[in-house]
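This is the structure alone, sequence omitted:
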């Protein structure tokens with residue numbers, strides 16, 4: 001008896017016993033029932049695989065049923081491989097669209113549409129590049145396992161986002177951190193709060209990581225604090241490790257008694273509040289411009305000019321063309337001035353033609369760029 005043959009049969013039977021009772025293994029169940037009718041169930045056979053081979057086992061070993069069992073295993077492995085390739089294709093599409101900040105859905109995602117949206121078009125593009133992918137996605141996929149529904153896309157995107165947040169959490173470890181918070185209203189008129197964490201990693205590099213954006217019912221300080229604490233506790237970040245807060249100058253944020261910074265200071269006295277410098281600079285410029293009439297007039301006229309030019313593509317092209325001509329003339333004039341003054345100071349006539357030729361080549365190059 002060939003023992004390699006014996007253990008090969010044993011591994012096949014163990015694989016069938018451990019397989020889930022899905023659609024692909026119904027044939028295996030029929031084979032099991034067939035063997036059971038001959039008073040030789042798979043369980044008993046598996047138990048005897050630990051014993052030396054018997055005559056009954058040798059009969060089954062060389063029976064034609066073994067070929068069927070092998071074929072079932074190979075088919076199941078093929079299905080698993082195809083399913084993994086299918087899932088990898090969709091994950092690549094979701095990851096790329098999320099990285100580039102592109103929309104997923106299309107206006108018309110039907111089969112007759114010429115543009116079915118970024119996600120489906122990207123999957124189709126991968127199918128055109130790889131025949132193995134083209135044989136298992138979209139129209140050639142199983143009707144009950146296409147995996148192109150928006151809910152599937154959102155689920156994959158959520159898994160990727162959770163992995164990114166987990167990576168950020170691993171970077172922070174038990175270090176101290178600061179929070180940067182701001183709220184805004186999006187196009188759907190929902191108020192959203194963005195949370196950014198600032199910390200120093202193990203290499204001593206200051207990092208600022210966007211952590212999460214959540215929809216809030218209102219923007220009062222208690223609501224914002226509750227949402228922030230929920231996010232921090234979800235990622236097992238202690239408020240006691242907070243060492244800084246950065247907000248704008250709104251009363252709900254910087255309020256001395258009931259503002260968001262005051263509420264966190266009660267829990268952690270080391271979480272010092274820092275007024276956003278960009279917001280302070282903007283307010284300072286606006287206040288300074290209002291006090292000086294010439295500056296206020298300049299910015300008001302500048303806004304009108306920008307709106308007048310940008311509202312028309314024809315005016316924008318004309319202005320851009322005029323500006324390009326001015327830049328080229330300035331560069332050519334500057335180069336001529338520098339080179340001709342250098343020529344007057346040079347000793348040796350043989351250098352002058354070389355520099356003149358260099359100047360001529362540069363002028364031609366500038367005109368070539370102008371044409372482009």
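Arrived safely, thanks for sending. Keep in mind that this is a model prediction, so the values were computed, not measured.

How many neighbouring residues does residue 123 have?
Per other Cβ atoms under 10 Å, the neighbour tally for residue 123 reads 22. For the C-beta atoms, the positions are set from N, CA and C on the backbone; glycine is no exception.

give me every residue that touches it.
Shown in contact with residue 123 (Cβ atoms under 8 Å, 6 or more residues apart in numbering): 89, 90, 93, 137, 138, 148.

surely the last one meets residue 119?
What it means is residue 148. Yes - under the contact definition of Cβ atoms under 8 Å, residue 148 touches residue 119, with a separation of 7.5 Å.

which one of the two has more residues nearby?
A side-by-side neighbour count of residue 148 and residue 119, using other Cβ under 10 Å, places residue 119 first with 22 against 17.

ok, and that one, which helix or strand is that part of?
Assigned by DSSP states H and E, residue 119 falls within helix 118-129.

how about the following helix or strand past that helix: buried residues?
Going down the chain from helix 118-129, the next helix or strand is helix 131-134, by DSSP H and E. Along helix 131-134, the positions that meet the burial threshold by neighbour count (16 or more other Cβ atoms under 10 Å) are 133, 134.

now do stretch 159-169
Using 16+ other Cβ under 10 Å as the test for burial, stretch 159-169 gives 165, 168, 169.

Grab the nearest non-local neighbour of residue 186.
In space, and not counting its chain neighbours, residue 186 is closest to residue 192: 5.8 Å by Cβ to Cβ, 6 or more residues apart in numbering.

Contact partners for the one you found?
The contact partners of residue 192, by Cβ under 8 Å, 6+ apart, come to 183, 184, 185, 186, 213, 214, 215, 216.

what about it, which SS state?
strand (DSSP: H, G, I helix; E, B strand; the rest coil).

Bridge partners for it, pull those for me.
Per DSSP bridges, residues listed as beta-bridge partners of residue 192: residue 184, residue 215.

how much space between it and residue 136?
Note on residue 192: its distance to residue 136, by Cβ to Cβ, to the nearest Å, is 38 Å.

Likewise for residue 170?
The gap separating residue 170 from residue 136 is 35 Å, by Cβ to Cβ.

again with residue 332
According to Cβ to Cβ, residue 332 and residue 136 sit 60 Å apart.

Then residue 275?
Remark: distance between residue 275 and residue 136 (Cβ to Cβ) = 56 Å.

Can you give the contact residues for the strand or helix carrying residue 163?
Using DSSP H and E, residue 163 maps to helix 150-172. In this structure, residues lying in contact with helix 150-172 by Cβ under 8 Å, 6+ apart are 90-91, 94-95, 98, 104-105, 119, 197, 199, 201-202, 207, 209, 211-212, 235-237.

Could you list the low-pLDDT ranges of the stretch 51-200 of the chain?
In the predicted model, the stretch 51-200 of the chain carries pLDDT under 70 at residues 51-74.

One more pass at 80, please.
Filtered on pLDDT under 80, the stretch 51-200 of the chain yields the residue ranges 51-76, 142-145, 187.

before we move on, back to that, the contacts of helix 150-172 in strands, which ones?
Of the positions in the contacts of helix 150-172, 197, 199, 207, 209, 211, 212 sit in strands, assigned by DSSP state E.

dump the residue contacts of the last one.
Shown in contact with residue 212 (Cβ under 8 Å, 6+ apart): 165, 194, 195, 231.

and it, how far is that from residue 168?
When distances are taken as Cβ to Cβ, residue 212 and residue 168 turn out to be 10 Å apart.

what do you get for the third one?
Applying Cβ to Cβ, one obtains 8 Å for the distance of residue 207 from residue 168.

joint contacts of the two?
In contact with both residue 207 and residue 168: residue 197, using Cβ under 8 Å, 6+ apart.

ok so, going back, would TSV of the contacts of residue 212 with distance to residue 128 be doable?
Formatted as TSV, the contacts of residue 212 follow (distance: Cβ to Cβ, whole Å):
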residue	distance to residue 128
165	34
194	38
195	41
231	41
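
Only the buried members of the residues you listed: can you turn that into a PyMOL selection?
Provided next is the PyMOL selection string for whichever of those are buried by 16+ other Cβ under 10 Å:
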select buried, resi 165+195+231
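
now, among the contacts of residue 212, which is nearest to residue 244?
Closest approach between those and residue 244, by Cβ to Cβ: residue 195, at 13.4 Å.

Give the helix, strand or coil label for the closest one.
Secondary structure assignment for residue 195 (three-state DSSP): strand.

Grab the nearest non-local neighbour of it.
Looking at residue 195 with Cβ to Cβ, 6+ apart, the closest residue is residue 211, at 4.8 Å.

residue contacts, that neighbour?
Shown here is residue 211, whose contacts under the criterion Cβ under 8 Å, 6+ apart are 165, 168, 195, 196, 197, 231, 235.

Nearest to residue 301 among those residues?
For these, with residue 301 as the reference and Cβ to Cβ as the criterion, the closest is residue 196, at 36.7 Å.

Could you identify the pair within the contacts of residue 211 that is furthest apart?
Of all pairs drawn from the contacts of residue 211, the widest gap by Cβ to Cβ lies between 196 and 235 and measures 13.5 Å.

Give me the domain ranges for the protein.
Domain assignment for the chain, taken from automatic domain parsing, gives 3-63, 81-155, 174-279, 313-371.

Where do the strands of the stretch 201-350 of the chain begin and end?
Along the stretch 201-350 of the chain, the stretches classed as strands by DSSP state E, counting those that start in this stretch are 206-215, 242-247, 272-275.

Including distance to residue 154, could those strands go into a markdown table?
Formatted as a markdown table, the entries for those read as follows, by distance: least, Cβ to Cβ, whole Å:
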| stretch | distance to residue 154 |
| --- | --- |
| strand 206-215 | 15 |
| strand 242-247 | 30 |
| strand 272-275 | 36 |
